[in-house]
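K.L.:
A predicted structure for the sequence below; I have some questions about it.
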Amino acid sequence: MTAAADQRTYRIPDAPSLPGSAQAALVDFYYNSWRLVPANLLWGVGLLGVLFLLFTVPVAAVPATILLAVPAVGIFRLATQIAREEPVSFRDSLQAWRRFLGRALISGAVLVAISFVMLFNTVLGLLNPELVLWVVATMSVWGLLATWAVAVPYWALLTDPLREDEPLRAKLRLAALLVLVSPLRFSLLLLLIVLVLVTSAIFFAALLTISVAFVALLATRYTLPAADRLERRETQALPE
């Protein structure tokens with residue numbers, strides 16, 4: 001066990017609740033908006049670039065989407081530092097671009113690739129009357145939901161200061177375990193995040209300035225206590 005993991009065994013946090021996490025995220029955003037909004041704006045500029053490529057050079061839009069993982073990791077880094085009650089500044093989000101560059105691009109590439117394949121299979125099945133393709137489409141929808149249900153806690157764990165030195169495989173395993181242990185709760189978390197992002201897409205300025213930062217705070221406020229509790233239970237279950 002790493003030194004960071006040892007630190008997490010000193011106190012077992014209370015089980016997180018979705019309303020409590022949402023309230024904490026709102027408070028976090030209120031007191032840290034001057035740090036979070038610029039980080040969200042940088043992600044928004046990247047999104048505008050992706051949309052521009054989508055209508056001009058569509059083949060370049062998918063690789064460009066992967067690059068959104070870089071400003072996203074900066075936002076999540078601020079969120080995890082806030083949740084861990086560490087000193088935080090806007091500069092930390094920019095430093096995270098360099099510190100997590102490789103891990104962010106790998107994670108973003110895998111997520112985009114899986115999502116693209118699942119969406120392609122879903123559309124193919126819906127447009128084709130063959131039963132086999134309908135089955136494939138149904139499985140792809142469930143696969144897409146499962147992928148994003150794991151991705152939400154994974155991105156929070158990726159930039160957690162107390163887990164910074166842990167390998168990506170360990171963080172992915174922990175994120176998957178969290179979803180397996182509490183599938184309904186993390187499904188509701190994903191649903192709330194989707195609602196926030198869809199609503200923000202309608203009011204596009206909100207998506208460019210605040211919504212991704214709030215989503216990162218929400219995911220972090222729910223994930224980190226749940227992950228700390230799960231690791232504590234695993235530690236207690238190990239034989240001495």
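P.N.:
Alright, I've got the coordinates.
K.L.:
Okay, and Ala151 sits in which element?
P.N.:
In this structure, Ala151 sits in helix 131-158 according to DSSP states H and E.
K.L.:
for the helix or strand just after that helix, packing partners?
P.N.:
Under the assignment DSSP H and E, the closest C-terminal helix or strand after helix 131-158 is helix 168-181. Secondary-structure packing of helix 168-181 (3 or more CB pairs under 8 Å, 6 or more residues apart in numbering; DSSP states H and E): helix 101-127, helix 131-158, helix 212-237. The C-beta positions use only the backbone N, C-alpha and C, and glycine is treated the same way.
K.L.:
Give me the contacts around helix 168-181.
P.N.:
103, 106-107, 146, 149-151, 153-154, 157-158, 163, 186, 223, 226-227, 230-231 (CB atoms under 8 Å, 6 or more residues apart in numbering).
K.L.:
mind listing what's buried in the helix holding Ala151?
P.N.:
133, 136-137, 140-141, 143-144, 146-158 (16 or more other CB atoms under 10 Å).
K.L.:
tell me the SS of Ala61?
P.N.:
helix (DSSP: H, G, I helix; E, B strand; the rest coil).
K.L.:
ok now do it, which residues does it touch?
P.N.:
Taking CB under 8 Å, 6+ apart, one finds Val50, Leu53, Leu54 in contact with Ala61.
K.L.:
wait, doesn't the second one sit right on Leu67?
P.N.:
No - counting by CB atoms under 8 Å, Leu53 sits too far from Leu67 to count as a contact (10.5 Å).
K.L.:
Can you say which helix or strand has Ser93 in it?
P.N.:
helix 90-99.
K.L.:
avg pLDDT for that helix?
P.N.:
Summarised as a single mean, pLDDT over helix 90-99 is 96.
K.L.:
Contacts for it, please.
P.N.:
Applying CB under 8 Å, 6+ apart, the external contacts of helix 90-99 come out as 34-35, 38-39, 42, 70-71, 73-78, 81, 104, 159.
K.L.:
Take the contacts of Ala61 and keep only those in strands.
P.N.:
Among the contacts of Ala61, DSSP state E puts none in strands.
K.L.:
Thanks a lot, catch you later.
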